[in-house]
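Q: please find the sequence and the predicted model below.
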Amino acid sequence: MAESFYICLDIGGTKVLGAIFNSKKEIVYRLKKKTKSAGDSSQNIEDLIISVVDEMIVGAEINKKQVVAIAAGAPGVINQEEGIVLFSPNLPWRNYNIKKPIEEKFGVPFYIGNDVNVGVLGEYKYGAGKGYKNVVGLFVGTGMGGGLILDGKLYTGHQFKGAELGHMVLNSEGPRCNCGQRGCLEAFSSKQGISDYIRQQTERGRESLMAEAVKGGIFKSKLLKAALEANDKVSVEAVERACHYLAVATGNLINIFSPEVVIYGGGVVEACGNSFLPLILKDVDKYCMPSIRDTVEIRNAALGDDSILYGALSMILEKDN
């Protein structure tokens, strides 16, 4: 009997990362392709996804008939049941049925969910949340995403719009967030928030190794890591500020959900996790009830860039059973 394979995708604003898993849940092939530009049409993104899947099948030298299903995580509000992207901040999709063309092309089921929800699901099944039933995840990237596992199930709320943990307001007079509110966790603690703070400080005449990196927008995580290692004062301040608000948000989430574990993931934490976690742990106890905090583990994600891929695998295996 021929072996079965699962194709999993991490669809982002700048890239599509793909992996093929075998029946032992091992990654046997990977491929990463950049999107051409931020202004790509929905058709171009769809074509890119199809080309990544096609190339992986050829590159891994497997038969298309061996593929059981395809699954993906993507940014935005996504109706998981129908495979419709209702809205995506970084992709040109509005009420877009991505499920239909993928299933028509490959003849297998296609599942899609919000990227951070899918990433937290991956950590819950195979990473830092394995063995727990109540998990809170905060993923620090260009924006700030969140995910919840409650009583062993991914919580997505009414119409799949829940768990927008990055948009809890922590200071109503704080910096404006891309969502239109002021003082969201994302406005303080995401790449965008950290970049904005460093830019403000350098515009006031302060020197920083990150001055050029933030001038045109958002820095690359490895540059922030290097600046922290060099003890760049403005960068250290920006990260301390980001971690303070992550600690406040985490304290609130601990009080509300009493999770067994809180997990921090995403590109910034992946690059600078050794800087972030101690700063969060230093402050978090001030913002939650001791009797609840006592039963909560706080840790970094374990799967790195692969958390969304493993979450996509979990979606397939849940549907397949």
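A: Thanks, I have the structure now. Numbering: from 1, shown residues only.
Q: quick one: low-confidence parts of the protein?
A: Counting by pLDDT under 70, the chain shows low-confidence ranges at 1, 36-42, 90, 321.
Q: just say helix, strand or coil for the residue nearest the centre of it.
A: Closest residue to the average C-alpha location of the chain: V116 at 3.8 Å, with CA atoms, centre = their mean. Counting by DSSP: H, G, I helix; E, B strand; the rest coil, the backbone at V116 sits in helix.
Q: so which strand or helix has the residue nearest to it when sequence neighbours are not counted?
A: Sequence neighbours aside, G145 is the residue nearest to V116 in space, at 3.0 Å (criterion: CB to CB, 6 or more residues apart in numbering). Bear in mind the C-beta positions are built from the backbone N, C-alpha and C, glycine included. Taking DSSP states H and E as the definition, G145 sits inside strand 144-150.
Q: pretty sure the residue nearest to the centre of the chain sits against V140.
A: No. The criterion here is CB atoms under 8 Å, and V116 misses it with V140 at 10.2 Å.
Q: using the three-state scheme, assign K32.
A: Applying three-state DSSP: K32 is strand.
Q: rewinding a little: can you list the buried residues in the helix or strand just after the strand holding G145?
A: For strand 144-150, the following helix or strand on the C-terminal side (DSSP H and E) is strand 153-155. Residues of strand 153-155 classed as buried: L154 (neighbour count, 16 or more other CB atoms under 10 Å).
Q: can you give the strand pairings for strand 153-155, parallel or anti for each?
A: strand 144-150 (antiparallel) (DSSP bridges).
Q: what are the buried residues along the partner strand?
A: Neighbour-count burial for strand 144-150 [16+ other CB under 10 Å]: 144-149.
Q: which among these gets closest to L223?
A: L223 has its nearest neighbour among the buried residues of strand 144-150 in M144, at 19.3 Å by CB to CB.
Q: ok, now which ones touch the closest one?
A: M144 makes contact with 138, 165-167, 184-186, 189-190, 193, according to CB atoms under 8 Å, 6 or more residues apart in numbering.
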